[in-house]
Each structure stands twice: as structure tokens, then as C-alpha cells.
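>>> Pasting the sequence and the predicted coordinates here, then a few questions.
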Number of protein chains: 2
Amino acid sequence: MKGIRQLAEHLNISIGTVSRALNGKPDVNQETRRRVLAAAEELGYVANQSGRSLRQGETKVIGLMIESSKETVENADNFFLGVTSGLQSVFARHKLDLLMLPCPSDEDPHEYLKRMVARRIVDAMIISDTQRVDRRIDFLSRAKIPFVALGRSLSASNFPWIDLDFEGVADHAVERLIALGHRRIAITAPSSEANLGYLFIDSYRRALERHDIAFDPSLVIRVRSSEQGGYQAAHELLLLEERPTAVILIYELMAIGLYRRLMESGVMPGRDLAVIGFRDAPRARFLQPSLSCFRISLYDLGVALGRMLLANMPAYRDFYPGGERNIIWPLELMPGESDAFDVGAMV
Amino acid sequence: MKGIRQLAEHLNISIGTVSRALNGKPDVNQETRRRVLAAAEELGYVANQSGRSLRQGETKVIGLMIESSKETVENADNFFLGVTSGLQSVFARHKLDLLMLPCPSDEDPHEYLKRMVARRIVDAMIISDTQRVDRRIDFLSRAKIPFVALGRSLSASNFPWIDLDFEGVADHAVERLIALGHRRIAITAPSSEANLGYLFIDSYRRALERHDIAFDPSLVIRVRSSEQGGYQAAHELLLLEERPTAVILIYELMAIGLYRRLMESGVMPGRDLAVIGFRDAPRARFLQPSLSCFRISLYDLGVALGRMLLANMPAYRDFYPGGERNIIWPLELMPGESDAFDVGAMV
DNA sequence: CCTACAGTCGTAAACGTTTACGGAGTGCGT
DNA sequence: ACGCACTCCGTAAACGTTTACGACTGTAGG
């Protein structure tokens, strides 16, 4: 089966009618449409997307750009897959498909994006891992490609994005720990300066100062957000002259390494040191002791992302009226055993 | 910037020459080519992929189909991202790009694949998670779409695939445990009957019988390959009338749940029960006690996959002569603490 | 009988490329 | 002066669709 032309010949019908029949256009006879659909099914014909999108100027495909830096590969979890399922549930309603574009680690994400967009393989884009200044945002804005970003950026003032509520998490975590009697609370921060992790620290600092606890820079531990990073963080933590009684992790996977290093020194998490994590709970729950963790509903996040994107596409705008242009995504605390003790009884 | 036509007008050159200049064809003047490239850069022109691939019948894009079943999302790790980087390193040499096609969990993978292939958005396909009988394999073969599979299948006798060495791992694990004095060895198996996990069990059984140990079906624990599954496995294990002294996990993530459940009952992994895992080591190393685990080099696996695929594509065949059509991918044991004791001293 | 109209369908142009083909110009040897 | 080879470039067809337009029926209303 080559193309619509062969299908038309096989049916002794004009090519235009076949196209109309397949695309559900009104001006075609019931019987004719039936025959066309049957023949297409039988011969396994489906329209060539190149021809179609050349003519119509759209591809019905949405791209989700993900980056495969060493950091990302190390930390890989179900984040993108979870979001993906939410996205697809929205897109499916409009017969849109989702494609993941993994940017090679040795290529500039901006160049990669340009190449992919230029190919017109997607109608719109979801970018993730936005940096403090991110050229992709200006590029997409100028090129008038509909997009949403998963992550804030300072690059442009007004573009659609959803970001996790770093600040709320840090704030909530500090408040909780203080309520449990902690005064000396450590926190981990991303080692790279590029992204917006500093919001996490800022919020942590403000929460402390609200309770008249001085901010101590030595309690901010900059390590990679991985198991290794967690191990490293615990190591540095144990070296501090005045050891903190609690630590807030920016990524829950770090807990595995952290636990290990602590136990190597006979320090028991959840008894000698309170630990509280961030980003995802399922894995955390199976640690021993289980990790108190702020949890994201990945599916819902995907749904929100999808809606926000479609609200920015002329063809679908009407389906999603009045949505916000930016969302700070809330997280929910799942209490575990890792911080369930009163520090007052300790010292 | 609309198309090549505008670019040509802007330069007062014919559209054909512009195309030739951009594509590095020989019959174009040095100076002309320079001007064209400069103008293209300046005006930000890049060829529309729809038009191009319509004309040439190829897209320079390779698709990697991944499935987002509940199981996959739960177990998400760095497997695909790791493989991806290896793939891209091969593809980059030929200016090919990689696209990930996430099949929605509520859609039949076969239908999804057909739709994507029909769109001619990719030139070739890598499929994963192959089932015991997998219609995608017949479809791709018949449609003459170059492809490789990540995983064996019984569907067709002769198609290119790479699969992990289940059998070698089970064999090696049993041998190792027996050498340490274990006689009663449990093993986990995938709960779904669909894929080829039974090879794992078969090999386990053969290794046991080689040492005159009778195969005991009650030692084969069918649970999901997740943290939850690990928890469940430990639970069932503890209920056995005659408790095994070792257990082999088919997926290393299970260890987290398994450890937890064991510790809840005061059973210490690595002292009261030997544990040995499969698939990936980095995470396993940070458990406490660290998990003995068979490790995969994901990057190398990706490279091998990419090469095998290109060897099956006419345009690239010559670059990769004489490769094998099937590979059983070996895994390497990374010894940890979880099985580093002699059971002889125990009982 | 003429006209209007609804229901179908065929025709052909357009989308943006690449590329086979041939033509114009130049330089060279005879 | 002529033929020839070579370099460079323009023309136009082709890829597979979709869709605006008009043509052809048959029917109903005047």
C-alpha cells in the first residue's frame, strides 16, 4: 500500500473523495465512506504524516524535552513517566500524541531544541529543567511555538510554567522540625548554581529567622542530589563541630546514601537525627525507618501541564478557558518514622 | 522566515541552488555557498522536515518505544536514560536523532506502534519490553521497518534482539550461594506470565539440580518487581515453614522493601538471610548492608543496540559489518555485604 | 419547463523540499 | 572558427496529502 492514490484507484473513486471520507468530512455519501474505510482497513492504509503535515502545517504531536545529563541519569526515577501519563490523558482527548525528546548530554539544550523545532516534528513543546537564565524560553517565545515550562526561570517575565513549591516545602519542613523541638537544622542544596534551588534555601532561612534562629551557612550542605550525594552529605554532617539534630533533603533518593553513612557511624536516623525528604514518597516509605517525605501527585501535575499547554494553543484554547498562566505546585507531607521523635527528650 | 523560496528570493538565486548549497552538494560555487549559508544563519532558516522527508522518504529519526504500564512507572529507574545515552552516541555519528515514544498505559502497544510507524515520523524502531508472543515483531517485519528488540520473544524465529542474560545471572547466583554453603535458596519471579522471566526460574532450577538439590516450588515467590513486591516477598518468605537461608531478587529495587520487612521481624539481611540482586548496582551499593548485585553497563548496551539497528538499515549497513543478530547481554557481579557470610557458621 | 438547492463527487492547486536534466558561460586545444 | 569539457545554475517534476471550487445529478417548488 503506497498512498491515497492507490487506494483511490482500487476503489475507482477520486483521491479527493477518499481523503474526505477518511477525515470525516460531511459531503460524502454514507455508503462511499463505508467502502473507503473498509478498504483502508483491509489494505492497511494510513495517511503519510509528512504529506499531511506539509499540507496542513501541523503534526498533532507534542514534544516533551528531557535532558540526560549525568545528574539526571543518576537520579532517574518515575518523575517523567508519571507526568507523562497525566499529559497523555489530556492529549488523548484531542488525538494528540506525546513524544519525548531526550537531549544528548554533550549537546547544548538550546541547539538541540532549535533543531527539533525546526524539523516541525512537533506542534508544541514542554521543556523541563529550566535554568535560571534559559535561552530556550526566549527562542520559543520569539518563534511563536506554544510551550510550557516545568520549572521557573528568570529569563522572561511572562511565560507559562508550573514549578514545584520549593519554598512551601522548606517552610513546612522547618516549621515541623521546630515544633518537634529542633533548633539546629541542616539542609541540602543542589551543587549547581544554575537552577533555582536557592529558593529552597532562602525559604529555609526565612523560616528559621521567623523563629529567631540565626542562619548558619555551615548547615547548608551542597552535594549532588543522588545516593552518593546523600552519603556525602551525611559524611559532612558528621564532621560538624556542633552536630545538627535534623536534616532536610532536597531529594528523597539521597536518603539511601545518607542512612547508610549514618549507620556506619552508629547514628540512627529517626532517633539520633531527624530526616525529612522532598519530591516523592513511594520509595521513601520502604526505607527503614520510613522517610517523612513531601509527595507530588505526578499524574495531576501532568494533567495540569497538559491543560496549560493546550490553553496556549489557538486550536485548543477554547477547551481550557480561564486557566492560570503560572502554577506553584503544592506538595503534601507524608509523615514517616524518620522524624517522629521529640528532640526535647534527646539532649 | 517562511521557506527556502523566500531565502532564494532574498539572495536572488534560484531555489535549487540554495538547496544544493545547504545540503553540501558539489556543483555549487564556493562563494555562492558561503553567501547562502550566511543568509540562512542570519535569517534563521532551517529546512522544513515535512517537506524534506516527503521528498526523500526518510526522516533521520529513530524511535525508541517505551511502555508506561503501572509496573514500569513504579519501577522506573535509570535504565532507559542510560541506554539512551549509548544509543545517541552511535546515532550522532550519522546525524540521526532519537525519539522516545511512550505508549499510554491504556492503549494496546501494537496499535500504538502501528499509528506511530504509519506517521512515518521515524525511519526505524527500537522496541522494548517484548512479550512472549508480541505482534509488534511480525508487524515490523512485514512492514519492512528496520528494528531491534530489547528482549527476546518467541514470536518470530529470526529477528534482531539483545536481551539480558537472565539465565547466566540465575546460574551464577545459585552457584555462588551454594559455594557459601546455602542449600535452601528462594527466588523471586515476575508475577506476570507474559514475558520471559521464566527463563530465570528454569536456569535457577537447573543450577540447583546440578547440585542435587530438589526444586521446591514454594521457594519461587511471585510478586511485583517493586519495593512493594520486595516487602511482600519478604513477608511470604518469613511465613515458610522451613525458612530459606538465601534469596535471589529479580530486581534490585525490591531489596528496599525486602530489607524493611525483614528488619521488622528482626531478621538481618546479610547475617540471617543472604540477599543477591539483579539488574543494576549503583543504587544497591547504598543500601545497608550493601546489596550484592549483578550490574549492567547501560551505556554499552545502548551502543550495542544502536549498532545492531544500523546494521539492519540499508543506508548504514556498510558501517557495521559482521555484527551478530542476537546478543545475550552479560552482567557482572558486584559483591556486596548482603551475602557475604558463610551459612555454615549459622546453623 | 425553469430555477434553486442539496447532496456527491472530481479536478487541480498548494504545502516545502530535493534532484534529474539541461542550458549558459568559460577556457582550452585543434 | 569550432568542438569539447567543465563549472555553475535555473527549471520543473515529484513526494502524499488536504481542500477550495465547480460540476453533475436528482428533486422540489414556482
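Thanks, I have the structure now.
>>> Might one say that residue A:76 is in contact with residue B:83?
No: using C-beta atoms under 8 Å, residue A:76 is not in contact with residue B:83; the gap is 11.1 Å. C-beta here means a position set from N, CA and C on the backbone, and glycine is covered the same way.
>>> So those two - more neighbours on which side?
For residue A:76 and residue B:83, the more surrounded residue by other C-beta atoms under 10 Å in any protein chain shown is residue B:83, and the numbers stand at 26 against 20.
>>> so where does that one fall, helix or strand?
Using DSSP states H and E, residue B:83 falls within helix B:79-92.
>>> which ones are touching residue A:198?
Shown in contact with residue A:198 (C-beta atoms under 8 Å, 6 or more residues apart in numbering or on different chains): residue A:189.
>>> If you count neighbours, what's buried in the helix holding residue B:83?
For helix B:79-92, a neighbour-count test (16 or more other C-beta atoms under 10 Å in any protein chain shown) marks B:79-91 as buried.
>>> Need the CA coordinates for the next helix or strand after it. PDB is fine.
The first helix or strand that comes after helix B:79-92 along the chain, using DSSP H and E, is strand B:97-103. In PDB, the C-alpha atoms belonging to strand B:97-103 read as follows (Å, rounded to 0.1, in the frame of the first residue of the first chain):
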ATOM      1  CA  ASP B  97      18.200  11.700  16.200                       C
ATOM      2  CA  LEU B  98      16.500   9.600  18.900                       C
ATOM      3  CA  LEU B  99      12.900  10.000  19.900                       C
ATOM      4  CA  MET B 100      11.200   8.200  22.800                       C
ATOM      5  CA  LEU B 101       7.600   7.100  22.100                       C
ATOM      6  CA  PRO B 102       5.900   6.500  25.400                       C
ATOM      7  CA  CYS B 103       2.900   4.200  24.800                       C
END
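>>> List the contacts of strand B:97-103.
For strand B:97-103, with C-beta under 8 Å, 6+ apart as the criterion, the contacting residues are A:81, A:84, A:88, A:98-102, A:115-116, A:121, B:60-68, B:80, B:84, B:87-88, B:91, B:109, B:112-113, B:116, B:121-122.
>>> Any idea how many residues pack against the spatially closest residue to residue A:110 that is not a sequence neighbour?
Distance criterion C-beta to C-beta, 6 or more residues apart in numbering or on different chains; nearest residue to residue A:110, sequence neighbours excluded, is residue A:135 at 4.5 Å. Counted with other C-beta under 10 Å, the neighbours of residue A:135 add up to 15.
>>> show me where pLDDT drops low in the stretch 101-250 of chain A?
Within the stretch 101-250 of chain A, the ranges that satisfy pLDDT under 70 run A:192-195.
>>> Do a quick rundown of the strands in it.
With strands called from DSSP state E, counting those that start in this stretch, the stretch 101-250 of chain A shows them at A:124-128, A:147-150, A:161-164, A:185-190, A:220-223, A:246-248.
>>> Run a quick neighbour tally on residue A:300.
By other C-beta under 10 Å, the residues close to residue A:300 number 13.
>>> how near is the closest residue to residue A:95 other than its chain neighbours to DNA strand D?
Spatially, and ignoring its direct neighbours in sequence, residue A:95 is nearest to residue A:60 (6.4 Å; C-beta to C-beta, 6+ apart). From residue A:60 over to DNA strand D the distance is 11 Å, taken as C-beta to the nearest atom of the strand, to the nearest Å.
>>> quick one: secondary structure of the residue nearest to residue A:341 when sequence neighbours are not counted?
In space, and not counting its chain neighbours, residue A:341 is closest to residue A:271: 6.1 Å by C-beta to C-beta, 6+ apart. Three-state call for residue A:271 (DSSP: H, G, I helix; E, B strand; the rest coil): coil.
>>> Can you get me a residue count around residue A:271?
If you count neighbours by other C-beta under 10 Å, residue A:271 ends up with 13.
>>> and what of residue A:151?
Applying other C-beta under 10 Å, we find 16 other residues in the vicinity of residue A:151.
>>> what are the phi and psi angles of the residue lying closest to it once chain neighbours are set aside?
Among residues not flanking residue A:151 along the chain, residue A:130 sits closest, at 3.8 Å (C-beta to C-beta, 6+ apart). Dihedral pair for residue A:130: phi -70, psi 140, per degrees, to the nearest 10.
>>> check contacts around residue A:130.
By C-beta under 8 Å, 6+ apart, residue A:130 lies in contact with A:136-137, A:149-153, A:155, A:161, A:195-196.
>>> Please report how far it lies from DNA strand D.
Using C-beta to the nearest atom of the strand, residue A:130 is found at 35 Å from DNA strand D.
>>> And that residue, how far from residue A:124?
Counting by C-beta to C-beta, to the nearest Å, the gap from residue A:130 to residue A:124 is 16 Å.
>>> Identify the spatial nearest neighbour of whatever residue of the stretch 201-347 of chain A ends up closest to DNA strand D, chain neighbours not counted.
In the stretch 201-347 of chain A, the residue that lies nearest DNA strand D is residue A:315 (11.6 Å; C-beta to the nearest atom of the strand). Nearest non-adjacent residue to residue A:315, counting by C-beta to C-beta, 6+ apart: residue A:58, 7.7 Å away.
>>> tell me the secondary structure for the one you found?
Applying three-state DSSP: residue A:58 is coil.
>>> Any idea how many residues pack against it?
For residue A:58, using other C-beta under 10 Å, the count is 15.
>>> From what I see, the residue nearest to residue A:341 and residue A:342 are in contact.
No: counting by C-beta under 8 Å, residue A:271 stays clear of residue A:342, with 11.2 Å between them.
>>> ok, back up a step: the residue of the stretch 201-347 of chain A closest to DNA strand D looks like it's in a strand, true?
No: counting by three-state DSSP, residue A:315 falls outside a strand, being coil.
>>> buried sites along stretch A:262-282?
Within stretch A:262-282, the residues scored as buried using 16+ other C-beta under 10 Å are A:262, A:267, A:269-270, A:273-282.
>>> Tabulate these (JSON lines), appending distance to DNA strand C.
JSON lines is the format used below for the buried residues of stretch A:262-282 (distance: C-beta to the nearest atom of the strand, whole Å):
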{"residue": "A:262", "distance to DNA strand C": "59"}
{"residue": "A:267", "distance to DNA strand C": "63"}
{"residue": "A:269", "distance to DNA strand C": "59"}
{"residue": "A:270", "distance to DNA strand C": "61"}
{"residue": "A:273", "distance to DNA strand C": "60"}
{"residue": "A:274", "distance to DNA strand C": "59"}
{"residue": "A:275", "distance to DNA strand C": "55"}
{"residue": "A:276", "distance to DNA strand C": "53"}
{"residue": "A:277", "distance to DNA strand C": "49"}
{"residue": "A:278", "distance to DNA strand C": "46"}
{"residue": "A:279", "distance to DNA strand C": "42"}
{"residue": "A:280", "distance to DNA strand C": "43"}
{"residue": "A:281", "distance to DNA strand C": "48"}
{"residue": "A:282", "distance to DNA strand C": "47"}
